[in-house]
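Visitor: Below is the sequence, then the predicted model.
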Amino acid sequence: MKTALRIAAVVAIAALVFAPLRLNGYLLNLLYTTVLYVALAYGWNIISGYAGYFSFGQIAFFGIGAYATGLLVADQHWFWMVAALAGGIVACALAVPLGYVMLRLRGPFFAMGMFGMAQMVRVLVTAIPATGSGAGLFLPPGSSLTGVYYWTLAICLGAIALTLWIDRSAFGLRLQALREDEQVAGTLGVDVTRAKITAFSLSALIPGLLGGGYALFLTYIEPDAAFSSRLDLQSIVMAILGGVGTVWGPLVGGIVMTQVSEALWARFPQIYLMLFGGLLVALLLALPRGIVPAIASRWRAR
Amino acid sequence: MSLLAVDDLQAGYGDFKALHGVSFAVEPGEIVCVIGANGAGKSTTLKSIIGIVRPTGGTVIFDGEHIEGRAPGEVVERGVALVPEGRNLFAGMTVEENLMVGAHPKRVRRGVARRLRESYDRFPLLGPLRGRRAGSLSGGQQQIVAIARALMSEPRLLLMDEPSLGLAPKITLEIFDLVRAINRDGVAVVLVEQNVVQALELASRAYVLTEGKTVMEGAAATIRGNADVKRRFLGEVL
């Protein structure tokens, strides 16, 4: 069983690596979108799934990464991957003070607070004249979709590896403990503030790194794209549908949702959003804990 | 030298002051019982010692060092552990995961596997339950997990907040037997209890709290015989 899964994982990764050689533009585009969503869902899953702090504002870090990359590429003429890496580091570093303030809030207050925070960051970023304000920022052409795809794939695989580690580590156990009962975790000696901020900054690093690739993909950044609430909400829905706080939930939820969304959009362009919404409600009613936990408990019951 | 010396401890929640001067001491290897009515400040006293409530005055000296106002992580690192009121397990996690979170101090992190084995030896009931969700256990089982979780940090002083709360009398006796056994291994215990008669049988000395103040102290037997204690906590009509 274990070896079979391992072989399947190696085959899947090899297929993903060689995919750009065989796929046409449309399919590579779809693959990029899928990998991007899965990676975003993994990023969200650390602070919101493992630590239990539901955030509706991780897109702020995606936007910071996108704009940092845009500025470094357009004004400073950095190689885009280096710029995107810097964007991720900036997002991660900013998450430490932001987390210190925001993580004092809990439950719905944290969720709403992060939503407001993302709006605030968006306004601040676009207030900087160098970002082109609301008009946006053009990036010099030259990067290919293939390059952006590999960048995003690497981050996605890294996010999965990070989640696998968290799920098995003492750090992950501390996050789950504070999700269950923060005060009791504290009485056992867990430094809950530190654990939360670490989780939060990891959850910022991933979208921060992804944002730069996305900026290159669009070749043009404007606030609505960089701080896209659609990206934010859809990746959250994917993680929830797959299974919050599980290793494979974001992967399963992300793949299923992107493909279903794409298929519905292609066949029923007029009513696709309605169908998508209806399907989502039906799935969540049928599998309230998500696809992965439902399969896992079925498996154990056999 | 006392293992724990609490002197004139004051603490509260916001504007509300719960402790107005709690003083007591625990000698190494001793069981001390703290009794008092609801709201007398017993739980707050334990929370202030472990550090999740910040004292506003007074001193707490553990093993010769001031620990008042220290973060819980440091206090636990030095060898104090708390079994919280109402057990408060991580309900969605397994029994084993609960125990592993208890092994938090740096000095015990290397030996987690060994500590787990020792736990299952000491509490044979837990071995078969290790993969079960903690929230699905009975009250008595949960209390044992809570005690085992606190012991994972290898404390020299165990603070227990109402371990008999909500348990059947027979289970309470079993829990008290466990406390006695743990104490025999050299762990000092501060026991906060509503079950005054049994707690006083277990303890060597006792303190009485009223409205956030220590008002009486003495050998457990003396406290047990005190007319005021009898009337207020034991419901005996004199």
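Guide: Yes, it's here. Numbering: from 1, shown residues only, chains lettered A, B, ... in the order given.
Visitor: Wait, A:Ser201 touches A:Tyr100, no?
Guide: No. Look at A:Ser201 against A:Tyr100 with C-beta atoms under 8 Å: they stay out of range, at 10.2 Å. C-beta: built from backbone N, CA, C; applies to glycine.
Visitor: These two: which is more packed in?
Guide: Using other C-beta atoms under 10 Å in any protein chain shown, the more surrounded residue of A:Ser201 and A:Tyr100 is A:Ser201, with 21 against 13.
Visitor: quick one: what helix or strand has that one in it?
Guide: helix A:192-218 (DSSP states H and E).
Visitor: now for that helix, which elements pack on it?
Guide: helix A:25-44, helix A:59-74, helix A:80-102, helix A:145-168, helix A:170-180, helix A:182-187, helix A:223-226 (3 or more C-beta pairs under 8 Å, 6 or more residues apart in numbering or on different chains; DSSP states H and E).
Visitor: Which strands and helices lie in contact with the fifth one?
Guide: In this structure, helix A:170-180 packs against helix A:145-168, helix A:182-187, helix A:192-218, helix B:95-102, with contacts taken as 3+ C-beta pairs under 8 Å, 6+ apart.
Visitor: and the angle for the first one with helix A:25-44?
Guide: Between helix A:145-168 and helix A:25-44, the angle comes out at 30 degrees (axes from the mean of the first three to the mean of the last three C-alpha atoms, to 10 degrees).
Visitor: who touches helix A:145-168?
Guide: With C-beta atoms under 8 Å, 6 or more residues apart in numbering or on different chains as the test, helix A:145-168 has contacts from A:13, A:16-17, A:20, A:25, A:28-29, A:31-32, A:35-36, A:38-39, A:42-43, A:45-46, A:50, A:80-81, A:84, A:172, A:175, A:202, A:206, A:209-210, A:212-214, A:216-217, A:247, A:250-251.
Visitor: Taking chain B, what residue is nearest to chain A?
Guide: Residue nearest to chain A within chain B (C-beta to the nearest C-beta): B:Val76, separated by 3.3 Å.
Visitor: Next, count neighbours for that residue.
Guide: 26.
Visitor: Could you do A:Gln259 as well?
Guide: 12.
Visitor: How about B:Val32?
Guide: Neighbour tally, B:Val32, other C-beta under 10 Å: 23.
Visitor: what packs against the helix or strand hosting it?
Guide: Using DSSP H and E, B:Val32 sits within strand B:31-36. Counting by 3+ C-beta pairs under 8 Å, 6+ apart, the packing neighbours recorded for strand B:31-36 are strand B:16-26, helix B:42-50, helix B:169-184, strand B:188-192, helix B:196-202, strand B:205-210.
Visitor: So for A:Ala68, which of those sits nearest?
Guide: helix B:42-50 (42.7 Å; C-beta to C-beta).
Visitor: Let me know whether that closest one sits next to chain A.
Guide: Yes. Contact of helix B:42-50 with chain A (C-beta under 8 Å from any C-beta of the partner chain) involves B:Lys47, B:Ile50.
Visitor: what sits up against that helix?
Guide: Taking C-beta under 8 Å, 6+ apart as the rule, helix B:42-50 contacts A:187, B:4, B:6, B:9, B:11-13, B:18-19, B:22, B:34-36, B:53-55, B:60, B:62, B:67-68, B:72, B:75-76, B:80, B:82, B:85, B:159, B:161-162, B:190, B:192, B:209, B:212.
Visitor: repeat for stretch B:10-23
Guide: By C-beta under 8 Å, 6+ apart, stretch B:10-23 touches B:6-9, B:41, B:44-45, B:47-48, B:53-58, B:209, B:211-214.
Visitor: ok, 6 Å please
Guide: B:6-9, B:41, B:44-45, B:48, B:53, B:55-58, B:212-214 (C-beta atoms under 6 Å, 6 or more residues apart in numbering or on different chains).
Visitor: same deal with stretch A:178-194?
Guide: A:51-52, A:174, A:177, B:50, B:52, B:72-73, B:76, B:82, B:84, B:88, B:90, B:92, B:101-102, B:104-105.
Visitor: Tell me the secondary structure at the residue in the stretch 151-300 of chain A that chain B sits nearest to.
Guide: Here the residue of the stretch 151-300 of chain A nearest chain B is A:Gly189; by C-beta to the nearest C-beta that distance is 3.3 Å. Under DSSP: H, G, I helix; E, B strand; the rest coil, A:Gly189 falls in the coil class.
Visitor: In space, what's closest to it - neighbours in sequence excluded?
Guide: Sequence neighbours aside, B:Val76 is the residue nearest to A:Gly189 in space, at 3.3 Å (criterion: C-beta to C-beta, 6 or more residues apart in numbering or on different chains).
Visitor: Kindly indicate whether that neighbour is helix, strand or coil.
Guide: helix.
Visitor: can you pull the contacts of it?
Guide: B:Val76 neighbours (C-beta under 6 Å, 6+ apart): A:Gly189, B:Pro105, B:Ser153.
Visitor: same question, A:Pro293
Guide: A:Gly243.
Visitor: Identify the residue nearest the most centrally placed residue in chain B in space, chain neighbours excluded?
Guide: Nearest to the geometric centre of chain B sits B:Met160, at 1.6 Å (C-alpha atoms, centre = their mean). Excluding the flanking residues, the one nearest B:Met160 by C-beta to C-beta, 6+ apart is B:Val83, at 4.6 Å.
Visitor: Alright, calling it a day.
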